[in-house]
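# Below is the sequence, then the predicted model.
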Amino acid sequence: MVNNINFTGLRNIGGMFNIEINADPKNIAGYLKPVERKYILVKLTNDKSGNDLDKYEQAMALGTPDLDRFEFLHDKRYLNIFTEKPYHSTLPTRVFLNLNKLPVQKNTMPIFDFLAQITRKIANKPDADFIYEDKFPLCDAGDLFIMGDTRISEISRNQREYIDKTLNIYNPKTSRIIAKSINDGIQEQMIDYFL
């Protein structure tokens with residue numbers, strides 16, 4: 001299932017879909033409403049097949065002078081991309097990069113373009129090219145990085161559920177499906193901006 005020979009600059013890819021209940025801070029009564037979130041985690045590298053890490057840094061340099069705001073807190077070689085929108089809603093998808101909402105404006109278009117390329121690459125990646133270093137899915141980083149601020153183990157009832165969730169998250173099929181959906185959300189944001 002998982003190959004340890006690197007054919008691309010993308011590693012430790014995980015995908016996760018979650019429906020979370022968020023309190024609306026504008027509603028005094030604390031009305032709870034479900035929010036649909038889709039997460040992709042990927043480690044960027046430079047190798048003979050591509051310079052994804054360099055391309056990301058170039059897109060960030062073109063996109064914003066405030067690089068620290070969008071740097072992944074836990075490891076700057078990782079991208080944590082997630083989208084959110086109210087569950088069963090036709091409202092536009094919001095895109096987050098490394099836990100920060102990515103504003104849709106002229107200077108962030110190079111970043112949106114890069115994220116669209118990476119998620120498209122993941123969505124089209126064959127199983128054999130999904131590389132996981134040092135048992136990444138079941139290590140501390142694999143537990144924390146997918147959501148960035150909450151561990152999979154914290155939202156699991158027991159060890160068995162944690163392992164099942166983790167193996168589903170760090171799975172080529174799941175990652176491709178989530179990457180495609182996130183790519184659609186990114187494209188939607190870009191189209192809305194240009195129209």
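Thanks, I have the structure now.
# S156 is in contact with K165, correct?
Yes - taking contacts as C-beta atoms under 8 Å, K165 lies within contact range of S156: 5.8 Å. Every residue, glycine included, has its C-beta placed from N, CA and C.
# quick one: P34 is in a strand?
Yes - using DSSP: H, G, I helix; E, B strand; the rest coil, the assignment for P34 is a strand.
# quick one: contacts of stretch 177-195?
Residues outside stretch 177-195 that contact it (C-beta atoms under 8 Å, 6 or more residues apart in numbering) are 13, 15-17, 38-40, 81-83, 85, 92-93, 95, 104-105, 109, 112-113, 115-116, 119-120, 122-123.
# Over to stretch 86-101?
Residues contacting stretch 86-101 (C-beta under 8 Å, 6+ apart): 19, 33-36, 69-73, 79-85, 102, 104, 111-112, 115, 148-149, 182, 184-186, 188-189, 192.
# ok, now with 7 Å
Applying C-beta atoms under 7 Å, 6 or more residues apart in numbering, the external contacts of stretch 86-101 come out as 19, 33-36, 69-72, 79-85, 102, 111, 115, 148-149, 185-186, 188-189, 192.
# Please check the residues you listed and keep the buried ones.
Among the contacts of stretch 86-101, the ones that count as buried by 16 or more other C-beta atoms under 10 Å are 35-36, 70, 72, 79-85, 102, 111, 115, 148, 185-186, 189.
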